[in-house]
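Undergrad: When you get a sec, could you give me coordinates for this:
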Amino acid sequence: TEYLTKYQLRDGRVFTFYSDLEKLKNEMLYFFPEDRRNIHYFISTCKAYQHIRVPASKPLDFMNPFEFTLFGLRMLPAAYPFLHYKHVSIEDYIKTFRNPELGEMISRFLGTEYNIHSFFYICSSVSKGDAGMIEGGSLQLVNRIVRKYKSLGGKLFLNTPVKRILIEKDNARGVELENGNEVFSDYVIASCDAYHTLTKLLEGKYEDKSFKAQFKDSVSNPINTSVMIAFKTKKNLMRFPKMMDYNIEPIRMFGKEITHFGVRNFSFDKTLPSLHHNTLLTVLLPADENVYDYLKSLPKEQYVKEKMAFGEKMLDLLREKMNLQKDEVELLDVTTPLTYERYTNAYKGSYMSFVTTQFTKGLMRPGIIKGLHSFVIAGQWIMPPGGLPIALISGKHACQRICKIDGRKFINKEEKPTLVIPSIKKVKPI
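TA: Purely as a prediction, here's the structure:
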């Protein structure tokens, strides 16, 4: 991923938020020279965050003292900025810039309710190639997993919702499907929504105090959801950026004010299937619990009417900003928090785990429910910051936990750890 996105500034110029930190620094200095000092600190902090690691090899509680110490030492250069910024909101951080438009770009990427720690982590991850847009989309990643799973004798039950998890004497023994069939197993791994797992699949019989506290405190743990609008066009859009964020006059989206929108242009991804030479465009707009509550309160016919009307409004804005004629682009569909809830049982439409705010406490957890055996939770709800890579790692951790319970050795090809103590460079906060 060459850049996170491009931003249309107030004067019409376009700023590129490069993934490469040196390019990003030069771009920032060119557009906002009055913030030279703050830009230097911002880039230095992003570089420090490059040392932060996700425990991919094994869960933290599975590490021996040597492994745990080594894991911590590798992240030592990030310790000072991490602890300093962990509870600083984006809203507070961006106030330190002399030019408010520089700060606005950060808040246009992540909402002001996030802590700035999250943004530093994103920038550092993209800069070192640990995050980005997947060529071919997430489907290619899923298909590889499916092929591997089937090759090992795994069996998939598609379009078959699970009604509940079968429990016998506090031991998970399989699942009951909505069609009435039962599938028995030695262990059950739940990689679906945490709230759905605890309240429906486990029928509220087992409690996780940490999850319960987070679901109850929506101020410290806001939901992470959105409204996505999809369009198709036959026009060649190769001259347009892959990602572009436009300023607009304020509009209302189901009660929430929108002042900008980002367009993802899929013309560059030749691995995606094309129907009659159509190109896909998507707009992803952050939503919140108020948007979910408003849409949930509507009768079905009114809900469909309002979401499609909003889609048409965004279609007009898209035509205006990208200079497209009426017959060159059309609306495909509008996805809302209710869509995520309907298809994936996501808690209030949360397609990722909670938003990490300045008040957020530790989100990482083992995925073990007290009092319930032969059962493990996997997925991005138990391991920050969320997303596909994190979900995959949590699946690996779930397998490791099952192997330990079963007294089996977990077989995994890993490099032997070597002790390297990095130098500590203190980064002065803004």
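Undergrad: Starting from Tyr206, give me the distance back to the residue most central in space within the chain.
TA: For the chain, Gly387 is the residue whose C-alpha lies nearest the centre (Cα atoms, centre = their mean; 4.1 Å). Look at Gly387 and Tyr206: by Cβ to Cβ, to the nearest Å, they are 27 Å apart. Every C-beta, even on glycine, is put in place using the N, C-alpha and C of the backbone.
Undergrad: likewise Arg98?
TA: Taken as Cβ to Cβ, the span from Arg98 to Tyr206 is 53 Å.
Undergrad: which of those two has more neighbours?
TA: More crowded of Arg98 and Tyr206, by other Cβ atoms under 10 Å: Tyr206, with 16 against 13.
Undergrad: Contact partners for the more buried one?
TA: Contacts were defined as Cβ atoms under 8 Å, 6 or more residues apart in numbering; by that measure Tyr206 touches Leu198, Ile369, Lys370, Gly371, Leu372.
Undergrad: go again using 6 Å as the cut-off
TA: Ile369, Gly371, Leu372 (Cβ atoms under 6 Å, 6 or more residues apart in numbering).
Undergrad: confidence score at Lys270?
TA: With respect to pLDDT, Lys270 scores 74.
Undergrad: Looks to me like it is in a strand.
TA: No. Secondary structure of Lys270 (DSSP: H, G, I helix; E, B strand; the rest coil): coil, not part of a strand.
Undergrad: pLDDT (mean, whole number) over stretch 7-19?
TA: On average, stretch 7-19 scores 95.
Undergrad: just checking, Leu201 touches Ile167?
TA: No. Counting by Cβ atoms under 6 Å, Leu201 does not reach Ile167; the two are 10.2 Å apart.
Undergrad: neighbours around the residue lying closest to Gln8 once chain neighbours are set aside, how many?
TA: Once flanking residues are discounted, Gln8 sits nearest to Tyr246: 4.9 Å by Cβ to Cβ, 6 or more residues apart in numbering. Residues lying near Tyr246 (other Cβ under 10 Å) number 18.
Undergrad: give me phi/psi at Tyr246?
TA: Main-chain dihedrals, Tyr246, degrees, to the nearest 10: phi -110, psi 140.
Undergrad: nearest residue to the residue nearest to the centre of the chain other than its sequence neighbours?
TA: That would be Gln380: by Cβ to Cβ, 6+ apart, it lies 6.3 Å from Gly387.
Undergrad: For the stretch 1-150 of the chain, just list every one of the strands.
TA: With DSSP state E, counting those that start in this stretch as the criterion, the stretch 1-150 of the chain has strands at 3-8, 14-18.
Undergrad: looking at those, which is closest to Asn278?
TA: Closest to Asn278 of these, according to Cβ to Cβ: strand 3-8, at 23.1 Å.
Undergrad: Show me what the closest one is packed against.
TA: Helices and strands touching strand 3-8, by 3 or more Cβ pairs under 6 Å, 6 or more residues apart in numbering; DSSP states H and E, are strand 14-18, strand 243-253.
Undergrad: Many thanks, have a good one.
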